[in-house]
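1. Next comes the sequence, and after it the predicted model I'd like to discuss.
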Amino acid sequence: MARNLKNMMLCGFGLVCFLMIADRAYAREFTVGGATGWTVPSGAQVYSQWAEQSRFQIGDSLLFVYQSNQDSVLQVTRDAYDSCNTDSPIAKFADGKTSVTLNHSGPYYFISGNKDNCKKNEKLVVIVMADRSGNKNTTSSPPSPAPAPSGESSPSPPVSGTFEMTPAPTPTTSQETPNNAASSSSFVAALLGAALASTLFLH
């Protein structure tokens, strides 16, 4: 009886691991700004246009690449984003290659830790969809456009509730990098674990 219970527990554990890894396989990493990276942009709408080309979902991540001795990344509130206030960020990163996981739906605001760079439009806002099943509602309206840099007036994105976005053009490979290597190795590990659990169950 105890052995059967142990085998059932092992099988259940293997199944849970498999489902978690399968969900992770869909997560994507977006390199902010593409090949140019995180720097003072050539135009006021560069980062806004970059964000509009992709659909961000829970579990995805943003990769900021920059010179750590010259720049940094601050995650801030909407007010700090609008005013380029670098005094009290939600989070600060200065390692030169920062990966930020998007672990909840709604807007995320980022600015350069260099206030002058922020005023030159080195700032980004992305809106994360509520969940991966949300794209079933194909008739839903897209969220309000991201706020325009440099004081330009535009509608504010919603800060709560469910966010639905219409399909966007497929990002270029320089902007989006699927976590194929990590997912493949994890997938193999899960299969081995499941096979081991099945063997124990049969014995």
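-> Right, received. Where do you want to start?

2. Tell me which stretches of the chain form helices.
-> Along the chain, the segments classed as helices by DSSP state H run 2-24, 46-52, 78-83, 115-119, 180-202.

3. Keeping just the C-alphas, turn the second one into PDB.
-> The C-alpha coordinates for helix 46-52 follow below in PDB (Å, rounded to 0.1, in the frame of the first residue of the first chain):
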ATOM      1  CA  VAL A  46      11.500  54.800 -31.500                       C
ATOM      2  CA  TYR A  47      10.700  52.900 -28.300                       C
ATOM      3  CA  SER A  48       7.000  53.400 -28.700                       C
ATOM      4  CA  GLN A  49       7.100  52.000 -32.200                       C
ATOM      5  CA  TRP A  50       9.300  49.100 -31.000                       C
ATOM      6  CA  ALA A  51       6.800  48.200 -28.300                       C
ATOM      7  CA  GLU A  52       3.800  48.300 -30.600                       C
END
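
4. Name the residues of that helix that are buried.
-> Across helix 46-52, burial judged by 16 or more other C-beta atoms under 10 Å covers 46-48, 50-52. Placement of C-beta: from N, CA and C, glycine included.

5. Low-confidence regions, this structure specifically.
-> Residues of the chain meeting the criterion pLDDT under 70: 1-25, 131-203.

6. again, 50 this time
-> 16-24, 134-143, 151-175, 177-185, 187-188, 200-201 (pLDDT under 50).

7. since we're on the closest residue to Val65 other than its chain neighbours, how many residues are nearby?
-> Take Val65 and drop its neighbours on the chain: the residue closest to it by C-beta to C-beta, 6 or more residues apart in numbering is Gly37, 4.0 Å away. Neighbourhood size, Gly37 [other C-beta atoms under 10 Å]: 17.

8. Can you give me every residue that contacts Gly37?
-> 31, 64-66 (C-beta atoms under 8 Å, 6 or more residues apart in numbering).

9. mind checking how far it is from Ser105?
-> 26 Å (C-beta to C-beta, to the nearest Å).

10. Next, count neighbours for Gln70.
-> Neighbours of Gln70 using other C-beta under 10 Å come to 12.
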